[in-house]
Structure formats: structure tokens, C-alpha cells
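# what shape does this take:
(chains A, B, C and D)
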2 protein chains.
Amino acid sequence: MFSRQGYQSTSLKEIAAAADMKAGSLYYHFASKEALMAEVLDRSIQFISDTVAEEIEELEENYTFESGLRAFIKGHLSAILKHPDYTTTTIRNNGQIPKAVQVIAHTKREHYEKQWRQLMVLGRQESFIRPDLDEQLFRLMVLGSLNWSSVWYNPKGQSIDSLVKHFTQVFLNGCR
Amino acid sequence: MFSRQGYQSTSLKEIAAAADMKAGSLYYHFASKEALMAEVLDRSIQFISDTVAEEIEELEENYTFESGLRAFIKGHLSAILKHPDYTTTTIRNNGQIPKAVQVIAHTKREHYEKQWRQLMVLGRQESFIRPDLDEQLFRLMVLGSLNWSSVWYNPKGQSIDSLVKHFTQVFLNGCR
DNA sequence: CAATAATTCTAATACCAATTAGAATCTAAC
DNA sequence: GTTAGATTCTAATTGGTATTAGAATTATTG
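Residues are numbered from 1 along each chain as shown, chains lettered A, B, ... in the order given. I've put the predicted structure just below:
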């Protein structure tokens, strides 16, 4: 509900109703609305991170930038598009969440982004990424494209695998 | 304020205060909070559209896909990053705006996207875009990257011109 | 200056939000 | 079957919200 309507537009009454409860009962399980949102955000990022990790584990120990990027894209995109309820929460609610909650989520988000940064370092080492291209800017381009897909994605359209293929090809060619 | 805090989190009291007024006085100028938001959204999209149009007019009559894409990227990116107050409104507030308002904005947004689609058709005609790449998907990748820049952009960092250069290079290489 | 129109303010409206305390109920263990 | 613990509900509190009607003020025009 947070992902569809945003934090402020979702009332505890609605949330409770969806769980067959009354609003007040939520306070047995969560200290506040903020605490509830914090947990949703936390799980959201964790889920994306885990999905990517699974893809990476399927590679050989010393994987190349090319196969690494493919795995990252597949993991991130699958997570976002298969569970938009969780993941879109992270993406949509960028400015409008109380700062206390954002701070909590920030740690986990940082950890996930660190893995992306390491991948870019690999691309640099392999000289796969063109020397005059800022690899951190490149990372932001890729993540932007991927995250934005949650806005336009239609499950009835192209398959996720097909999307992964196109994304990978564009960005592998793009950074060379 | 809508762009920073979101629609629901911005109260008429705050808006009025920023205009040196009391909340009630706003109703002389706008029929409702929704009507106010509708106008903001409308101007937001119009501004992006206009900025791109300016870039296009600087080209020769029969411009190529390559120079066209460069102009589109420059226009869109400049608009977003120079006036985040207007443009981020369109980007952030995707689900959380009353539907009545979204309908109003949809027409103008469609008109703008149509121009992007035409550019992609040009890329197809020139065979600049690789045959096995869906040009509409490519368009969504580019727009995703560009729009997402409003999330991470830091005015103290790289110049907008530099960003335009990098974006253009990545996506021109990417679609070939 | 008078009078008309354009703005803004005040104060009240009705409504919905998050939160809380305590009573009521349900569940599980002995 | 009784008791203790876990869970939910009820009902009230407090405070904010958009909106409105009408009075007060300011600006413009003849």
C-alpha cells in the first residue's frame, strides 16, 4: 500500500483493514507508523540485495565484468518487477518519508550500492569500461534505467528475461 | 514543495505561508488543492517539453538521429536539473496524486512522449538502432536514466554539459 | 472623492489522522 | 477447567486537514 499510494496517503485504518484488524490493534505489533514503514523499507532493500546475491552465486568464483553486470541486472530487475509491492516502496518514497525512517534504511541501501560500486571497479580493471567514462556515473545510469522500469512495466508485455537481455546489451555496448 | 514533500505531505497552510498568505486566501486563486496541483504538473511538463523544443530548433531541418538524440538528452536533462522544483514534481508524484489530476496531466505528457517516439522511428529508419533492439524499450531506458538523475544529482559535482556528454555517448554506443 | 472590483483575512465547519489506555477476547499450558 | 499470556477491540484524545462564508482590506477605475 505504501508503494502504491505513498507513505502519507496510506492510513493505519486502511492497513489494519487489509490485515482484518482495527487501527489500534496495530500498536501491539509496531511502535508507530514510522516503525512499520521502517520495517517495510528494510525488507524491501534486503529482498533486492538477496535476489542479486543469488544471481552472483551462480557464477564462477572469478567472474568477468561482462557476466557480473548481466547477473546484477537480472537480479535487480527480477526483484523489482516480480515484487513491485516491496521494491517500489524503496523507489517511490524518496523525499516524503520522515527522516528518522530514511536514516534506518540508509545503512542497508549503502551496503547494497557498495556491491555495485565494486562491480564497476572490476569493469575498470578489465578496461571493459571506456577510459573516458566515469564508472560511477555509468552505474547511476544503469540503476536509473532499471529502477524506472517499475514505472512503465506491464506484466502482459515482454518477459523479464527478454528485458534483461536488452538492458544488458545496451549497457555493455554503451560503456565500451 | 510538492516536489520535495509530495502532494499529501504539503499542506495548504504551508503553501500559503510561502506566498505570504493565509490558507483560506488560496481559494480566491484556485478552486481546490487538486486544481493547484494540476496547474503545477501542467507547467512542469510544459517546461520540459519547451526546453527540448529549443534544443531541437537549433538543429538543421533534416537532423540525424545522432544529433537529435543529443539534443533531446540535453534539453530533458537541463530542464530537470536546472529546475528540479518544477520537474521533480512530475517524476516523484507518480502514484500518489488524485486520479482526476493525473488525467489532466496525462494529455500533455502523451504529447511530449510522442516526440520521443518519433525520434526513435528516425533511429530505426537510419538503421542506427541495432535491428534486434526494441526501439521503444530503448526509449524507456534513456528516459529512465535521465529522470533518475534528479534523485542523485548534486549541483556541486559534474557540470550538466559533462553529464550530457556521458549520457549521449553511452546511449549512442548502446543502441548500435 | 466615490464606488466598484480584486484580494486577503477571520473564524467556523466537518472530517480524518495517529496514538493511547483499558476492557474484552482468544489461545495455550498445566 | 482454570489461569496466564497474547492479541484484538473500543472509545476517547489530540491535533491536523481542506474547505467555506462573510467581513475586512486593498487596488483600480470613473
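# lowest average confidence, helix or strand, in chain A?
helix A:84-92 (a mean of 78; mean pLDDT, DSSP states H and E).
# name the helices or strands packed onto that one?
helix A:2-5, helix A:33-57, helix A:65-82, helix A:135-152 (3 or more CB pairs under 8 Å, 6 or more residues apart in numbering or on different chains; DSSP states H and E). Every residue, glycine included, has its C-beta placed from N, CA and C.
# the ones you listed: which one's closest to DNA strand D?
DNA strand D sits nearest to helix A:33-57 of all the helices and strands packed on helix A:84-92, at 13.2 Å, using CB to the nearest atom of the strand.
# check whether the closest one comes near DNA strand C.
Yes. Counting by CB under 7 Å from any atom of the strand, DNA strand C has neighbours in helix A:33-57: A:33-34.
# next one: stretch A:81-101
No. Using CB under 7 Å from any atom of the strand, stretch A:81-101 never reaches DNA strand C; the gap is at least 9.3 Å.
# next helix or strand past the least confident helix or strand of chain A?
On the C-terminal side of helix A:84-92, the closest following helix or strand by DSSP states H and E is helix A:99-125.
# which residues does A:Ala16 contact?
Applying CB atoms under 8 Å, 6 or more residues apart in numbering or on different chains, we find A:Ala16 in contact with A:22-26.
# secondary structure element for it, which one?
For A:Ala16, the host element (DSSP H and E) is helix A:12-18.
# list the buried residues for that helix?
Within helix A:12-18, the residues that qualify as buried are A:12, A:15, counting by 16 or more other CB atoms under 10 Å in any protein chain shown.
# mean confidence for it?
The average pLDDT within helix A:12-18 is 96.
# and DNA strand C, is that helix touching that?
Yes. Counting by CB under 7 Å from any atom of the strand, contacts between helix A:12-18 and DNA strand C involve A:12-14.
# now those residues as CSV including distance to A:Leu119?
Shown next, in CSV, are the residues of helix A:12-18 next to DNA strand C (distance: CB to CB, whole Å):
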residue, distance to A:Leu119
A:Leu12, 40
A:Lys13, 43
A:Glu14, 39
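# of those residues, which is the nearest to B:Arg43?
Comparing the residues of helix A:12-18 next to DNA strand C against B:Arg43 with CB to CB places A:Glu14 closest, at 31.7 Å.
# and the helices and strands packed on helix A:84-92 as JSON lines, adding mean pLDDT?
Shown next, in JSON lines, are the helices and strands packed on helix A:84-92 (pLDDT from 0 to 100):
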{"stretch": "helix A:2-5", "mean pLDDT": "88"}
{"stretch": "helix A:33-57", "mean pLDDT": "94"}
{"stretch": "helix A:65-82", "mean pLDDT": "97"}
{"stretch": "helix A:135-152", "mean pLDDT": "95"}
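# those helices into TSV, with extra columns for mean neighbour count?
As requested, those are exported to TSV (neighbours: other CB atoms under 10 Å in any protein chain shown):
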stretch	mean neighbour count
helix A:2-5	19
helix A:33-57	18
helix A:65-82	21
helix A:135-152	21
